[in-house]
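Peer 1: Give me a 3D structure for the following:
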Amino acid sequence: MKQECAVNDLPSTTDVRYRAFTADDISAAHGLSTALGWPYRPQDWQFSAETAVGFVAEEHGVVIGTAMCWKFGADRASLGHVIVSSEHQGRGIGRKLMEAVLDELGPRVTFLHATPAGRPLYEKLGFAECGTLDQCQGNVARAAPVALLDGERLRAAMPADFPCLFELASRATGLARDELLSTLLERGEGVVLERDGEIAGFSVLRRFGRGYAIGPVVALRSRDDARAKALIGYWLTRREDEFIRIDVPTETNLSHWLAEQGLKRVDTCSKMVLNAPAEAHRGAPDPVCRLYGLISQALL
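Peer 2: I've put the predicted structure just below:
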């Protein structure tokens, strides 16, 4: 999925040098995210480095900032991992990193999830809010099994299922998910929800941060979101006492149910879009197939 960055070194009027992110920067990037309190592991940065185009800001040979972007198909993208060390903030470094990413992406419709600290910069660059996301996490305790709808069953995902999973995920997000989801499934475990031999949803569990992350979660709509809850509950009942994180679109109304399972909402952030009207990207892009849990805030 990763595409080579067309720009190797970006001009700077200061002592800061801007260049492409490489695998050799993973350790430094991990240090930056740790200083911010982000629970990323080096392996999580490795996954990002393998799937994204990234940039770093470097001063006197020391990496002091990062930014990454992911391309989906010919005209969509997301960006994230925008970090500037606390000692170097207020110098316009974050803006230059964002400009490098946006120059790489060109006119693509681009999404991000904004922290309150980052939102003013994103608004100045033309991003507008088109939704919100709830970050839910915690140690699972006594998760309640979810009853399946009549005629439905859960089973492990198999490679033969992948084309169907790619199609469902692309419908639910409006983004080409084939390459990214293929890479994700190499690292995580998948479960599918099947009805009469047809796949009606799936979810993925992977190691991430302090424990595990569930996502994506994709399902055809159902009464009381029973399918989505079954796909999430499948993992919760198998990971009791483990730390789990899941990021859910606020409009899914899953946060209260997740809190009952031990995953409390710890943050809500804004989803923003550039190069398209915000109104056109509010709500779910497909009336039947819905995204209930993201891969991550950066990868959407």
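
Peer 1: how near is Asp286 to Val191?
Peer 2: Relative to Val191, Asp286 is positioned 21 Å away (CB to CB, to the nearest Å). Using the backbone N, CA and C atoms, a C-beta is placed for each residue, glycine as well.

Peer 1: Mind checking which of these two has more residues around it?
Peer 2: More crowded of Asp286 and Val191, by other CB atoms under 10 Å: Val191, with 20 against 16.

Peer 1: quick one, phi psi at that one?
Peer 2: Dihedral pair for Val191: phi -130, psi 140, per degrees, to the nearest 10.

Peer 1: and it, bridged to which residues?
Peer 2: Beta bridges link Val191 to Ala156, Ser203, judged by DSSP bridges.

Peer 1: correct me, but it touches Leu154?
Peer 2: Yes: at 5.6 Å, Val191 and Leu154 qualify as touching, with contact defined as CB atoms under 8 Å.

Peer 1: Mind listing the shared neighbours of these two?
Peer 2: Taking CB atoms under 8 Å, 6 or more residues apart in numbering as the criterion, Val191 and Leu154 both touch Leu231, Tyr234.

Peer 1: where exactly do the helices run in the stretch 51-200 of the chain?
Peer 2: For the stretch 51-200 of the chain, the helices defined by DSSP state H, counting those that start in this stretch cover 93-105, 119-124, 162-173, 178-187.

Peer 1: In JSON lines, list the ones you listed along with mean neighbour count.
Peer 2: Formatted as JSON lines, the helices of the stretch 51-200 of the chain follow (neighbours: other CB atoms under 10 Å):
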{"stretch": "helix 93-105", "mean neighbour count": "21"}
{"stretch": "helix 119-124", "mean neighbour count": "14"}
{"stretch": "helix 162-173", "mean neighbour count": "20"}
{"stretch": "helix 178-187", "mean neighbour count": "17"}
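
Peer 1: Let me have the ones you listed in JSON lines, extended by distance to Ala29 and mean pLDDT.
Peer 2: Formatted as JSON lines, the helices of the stretch 51-200 of the chain follow (distance: least, CB to CB, whole Å; pLDDT from 0 to 100):
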{"stretch": "helix 93-105", "distance to Ala29": "12", "mean pLDDT": "97"}
{"stretch": "helix 119-124", "distance to Ala29": "19", "mean pLDDT": "96"}
{"stretch": "helix 162-173", "distance to Ala29": "26", "mean pLDDT": "98"}
{"stretch": "helix 178-187", "distance to Ala29": "18", "mean pLDDT": "96"}
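
Peer 1: Which one, of those helices, ends up nearest to Gln46?
Peer 2: helix 178-187 (9.8 Å; CB to CB).

Peer 1: List the contacts of the closest one.
Peer 2: 1, 47, 50-51, 70, 72, 157, 162, 165-166, 169-170, 204, 206-207, 216, 295, 299.

Peer 1: One more pass at 7 Å, please.
Peer 2: 1, 47, 50-51, 70, 162, 165-166, 169, 204, 206, 295, 299 (CB atoms under 7 Å, 6 or more residues apart in numbering).

Peer 1: Serialize those to CSV and add fields for distance to Asp134.
Peer 2: Listed next are those as CSV, based on distance: CB to CB, whole Å:
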residue, distance to Asp134
Met1, 27
Phe47, 23
Glu50, 28
Thr51, 24
Trp70, 22
Phe162, 28
Leu165, 24
Phe166, 26
Ala169, 20
Val204, 19
Arg206, 20
Ile295, 15
Leu299, 17
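
Peer 1: On the pLDDT front, check the nearest residue to Glu58 once chain neighbours are set aside for me.
Peer 2: With CB to CB, 6 or more residues apart in numbering as the criterion, Glu58 has its nearest non-adjacent residue at 4.7 Å, and that residue is Arg17. Looking at Arg17, its pLDDT stands at 97.

Peer 1: Alright, that wraps it up for me.
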